[in-house]
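Visitor: here is my input, please return the structure:
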Amino acid sequence: MSSVSERLESYLRNTVKSHEWAALCVSAAYFFCVLASYYIIRPVRDQLSAAAGSTQLPIFYLAVFVVTLLLTPVFGALAARFRRSQFVPAVYAIVAVLTMAFIPLFAQQERIGATVLGTLFFIWGSVFNLLIVALFWSFMADIFDRAQARRLFPLIAIGGALGAIAGPTMTKLLVFAVGVRGLLVVSALLLGLCIACIYWLLSWARRNPVVGEPDRDQRVIGGSMIAGAIETLRSPFLRRVALLMLLGDCVGTVIYAFLADYNRAMFPTQAAGIAFASNLDLATNILQILFQLFLTREIMVRLGPIAALVLDGIVKALMLVGLVVVGPGWIVVAAVVTRASAYGIFKPAADSLYTEVDAETRYKAKNFIDTAVWRFGDLAVTSSLNLLRGLGVATGGLALLAALAGVSSAWVGWRMRRALPSAALKAES
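Guide: Below is the predicted model of the structure:
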């Protein structure tokens with residue numbers, strides 16, 4: 001036991017510098033609240049998609065994509081005109097208010113109709129997730145420099161994984177006592193705690209500015225409200241990041257569709273479907289923590305984020321090949337492992353790359369990739385699934401095509417080194 005504690009103490013001493021401990025803990029707490037807030041309502045959203053079946057997902061994702069496109073210039077305008085100390089907490093406040101706005105809608109569920117309300121809630125749950133998580137990592141990349149990101153991001157991500165465990169746990173414990181409306185209140189309160197963490201981190205950043213950029217807190221980014229989309233199309237680096245996002249989304253969305261059909265077939269009641277989704281989230285996030293503790297940090301510090309991107313693609317491909325070899329029951333294992341890899345390996349590695357770019361790219365382009373590009377991928381993949389199924393392609397063939405996307409993700413991740421900003425490329429070498 002003493003050997004284990006000594007190794008953990010040595011690990012933390014080599015990873016976290018004394019002046020970083022407070023910021024690390026608050027950042028982890030911030031991410032805990034972000035994902036706990038989302039995962040409180042996610043099982044309800046997932047049960048709605050499972051009840052509809054995977055063939056209906058293109059309709060849901062089309063609506064989500066349209067809403068995301070409408071929100072992109074709004075976010076861009078906020079980022080362009082206000083300092084980060086103003087627009088970052090403002091976005092979380094707006095999301096909290098809109099979440100609370102669903103309370104009277106659920107009170108009028110019978111009048112509105114379950115289908116209409118369910119569609120609205122699915123759209124909001126999807127936008128909610130992408131917006132607050134994308135903004136979190138943009139803010140982290142603005143608070144810390146490249147070296148800190150490699151050391152601290154995997155540890156910060158553990159806070160999110162714990163929140164992703166706490167969220168579905170709270171849902172299971174509270175849903176029968178307070179209902180969906182009560183869960184929305186809890187979710188909004190957690191977003192309020194996020195705002196408190198943001199203000200503390202802004203204060204810490206003023207005392208510990210990034211070397212070479214002491215004015216980040218007072219900076220107004222400026223530029224166009226659609227600059228993120230323009231810069232993504234223009235930059236080779238961002239185009240490859242977007243391609244990585246699309247390839248990863250191809251794998252994730254295919255597995256999500258298979259899982260929705262599995263949930264519908266195996267758990268015919270709403271309560272059973274929500275419980276299954278909650279248990280799946282718990283298993284996923286426990287594995288994610290293990291990845292972050294014992295794998296991701298070591299890879300990023302010793303080999304750099306490129307190696308982590310390659311590993312994630314290989315893991316996804318292997319899980320999908322396993323689905324072909326083992327059969328339908330493997331979808332549960334594939335879902336747990338690929339989701340844990342996506343958030344425990346891929347995200348810390350990909351998001352650390354943004355420490356090397358300017359503020360406009362860090363906030364606007366990253367948000368565009370993490371929201372609009374991602375939701376376009378959801379729509380394209382689910383529509384393609386329905387088309388291929390209509391042409392007679394079986395589940396095994398679809399899984400192999402998704403496995404090819406995983407292999408392609410590993411290859412693009414490896415070639416990402418050529419597109420890295422010059423400072424990051426020097427560090428990789």
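Visitor: do you know how far Leu70 is from Ala372?
Guide: Distance, Leu70 to Ala372, by CB to CB, to the nearest Å: 10 Å. The C-beta positions use only the backbone N, C-alpha and C, and glycine is treated the same way.
Visitor: between the two, tell me which one has more neighbours.
Guide: Ranked by neighbour count (other CB atoms under 10 Å), Leu70 and Ala372 place Ala372 first, with 22 against 11.
Visitor: tell me the spacing between that one and Leu35.
Guide: Using CB to CB, one gets 21 Å for the distance from Ala372 to Leu35.
Visitor: what's the answer for Gly113, then?
Guide: To Leu35, Gly113 is 30 Å away according to CB to CB.
Visitor: looking at the two, which is more packed in?
Guide: Using other CB under 10 Å as the criterion, Gly113 and Leu35 rank with Leu35 on top: 28 against 11.
Visitor: any idea how far the more buried one lies from Ala161?
Guide: Distance from Leu35 to Ala161, by CB to CB: 8 Å.
Visitor: same check on Leu173?
Guide: 19 Å.
Visitor: also Ala257?
Guide: In terms of CB to CB, Ala257 sits 24 Å off from Ala161.
Visitor: what do you get for Ala107?
Guide: Here the criterion is CB to CB. By it, Ala107 lies 33 Å from Ala161.
Visitor: again with Ile230
Guide: 34 Å.
Visitor: of the two, who's got more company?
Guide: Higher neighbour count among Ile230 and Ala161: Ala161, with 26 against 14, using other CB under 10 Å.
Visitor: correct me, but that one touches Asn285?
Guide: Yes: between Ala161 and Asn285 there is a contact at 4.7 Å, judged by CB atoms under 8 Å.
Visitor: what are the ranges of the helices in the stretch 151-300 of the chain?
Guide: Secondary structure of the stretch 151-300 of the chain (DSSP state H, counting those that start in this stretch): helices at 227-234, 236-266, 270-291, 297-302.
Visitor: so which of those gets nearest Ile198?
Guide: Nearest of the helices of the stretch 151-300 of the chain to Ile198, taken as CB to CB: helix 227-234 at 20.7 Å.
Visitor: any idea of the mean pLDDT in that closest one?
Guide: The average pLDDT within helix 227-234 is 78.
Visitor: next, the angle from it to helix 236-266.
Guide: Compare the direction of helix 227-234 with that of helix 236-266 by axes from the mean of the first three to the mean of the last three CA atoms, to 10 degrees and you get 100 degrees.
Visitor: just for the stretch 51-200 of the chain, where's the confidence low?
Guide: By pLDDT under 70, the low-scoring segments of the stretch 51-200 of the chain are 51-57, 72, 75-76, 78-80, 114-115, 130.
Visitor: hey, where'd the strands end up in it?
Guide: With DSSP state E, counting those that start in this stretch, there are no strands along the stretch 51-200 of the chain.
Visitor: for Trp374, see how far away the residue nearest in space to the middle of the chain is.
Guide: When the chain is reduced to its mean C-alpha position, the closest residue under CA atoms, centre = their mean turns out to be Val133, at 5.6 Å. Distance, Val133 to Trp374, using CB to CB: 10 Å.
Visitor: for Val412, same thing?
Guide: Distance of Val412 to Trp374, given as CB to CB: 16 Å.
Visitor: what about those two, which has more around it?
Guide: Trp374 (24 against 20).
Visitor: isn't the more buried one up against Met245?
Guide: Yes: Trp374 is in contact with Met245 according to CB under 8 Å; the separation is 5.8 Å.
Visitor: can you list the weak-confidence ranges in the stretch 201-350 of the chain?
Guide: Scanning the stretch 201-350 of the chain with the threshold set as pLDDT under 70 gives 210-227, 270-271, 274.
Visitor: what packs against the helix or strand that Ser341 is a member of?
Guide: Using DSSP states H and E, Ser341 sits in helix 330-341. Judged by 3 or more CB pairs under 8 Å, 6 or more residues apart in numbering; DSSP states H and E, helix 330-341 is in contact with helix 236-266, helix 270-291, helix 305-326.
Visitor: could you give the angle of the longest one to helix 270-291?
Guide: Orientation note: helix 236-266 sits at an angle of 140 degrees relative to helix 270-291 (the same axes, to 10 degrees).
Visitor: buried ones in helix 236-266?
Guide: Buried residues in helix 236-266, counted by 16 or more other CB atoms under 10 Å: 237-238, 240-264.
Visitor: pull the distance from that helix to the chain's centre.
Guide: 12 Å (CA atoms, centre = their mean, to the nearest Å).
Visitor: what ranges does the stretch 1-150 of the chain have for its helices?
Guide: Applying DSSP H, counting those that start in this stretch to the stretch 1-150 of the chain gives helices spanning 2-15, 21-52, 57-81, 84-100, 102-107, 109-112, 114-143, 146-207.
Visitor: what's the angle between the longest one and helix 270-291?
Guide: Computed with the same axes, to 10 degrees, the direction of helix 146-207 lies at 100 degrees from that of helix 270-291.
Visitor: quick one: neighbours of Ala394, just the number.
Guide: For Ala394, the count of nearby residues is 11 (other CB under 10 Å).
Visitor: circling back to that earlier point, immediately after the helix holding Ser341, which helix or strand?
Guide: Counting by DSSP H and E, what follows helix 330-341 is helix 347-352.
Visitor: need the residues that contact that following helix.
Guide: 137, 140-141, 146, 149-150, 153-154, 157, 241, 244-245, 292, 296, 299-300, 305-306, 308-309, 312 (CB atoms under 8 Å, 6 or more residues apart in numbering).
Visitor: ditto for stretch 20-31
Guide: Residues outside stretch 20-31 that contact it (CB under 8 Å, 6+ apart) are 16, 136, 140, 143-144, 148, 152, 155-160, 162-163, 193-194, 197-198, 200-201, 204, 208.
Visitor: nearest to Ala394, of the helices and strands packed on helix 330-341?
Guide: Among the helices and strands packed on helix 330-341, helix 305-326 comes nearest to Ala394, with 9.9 Å by CB to CB.
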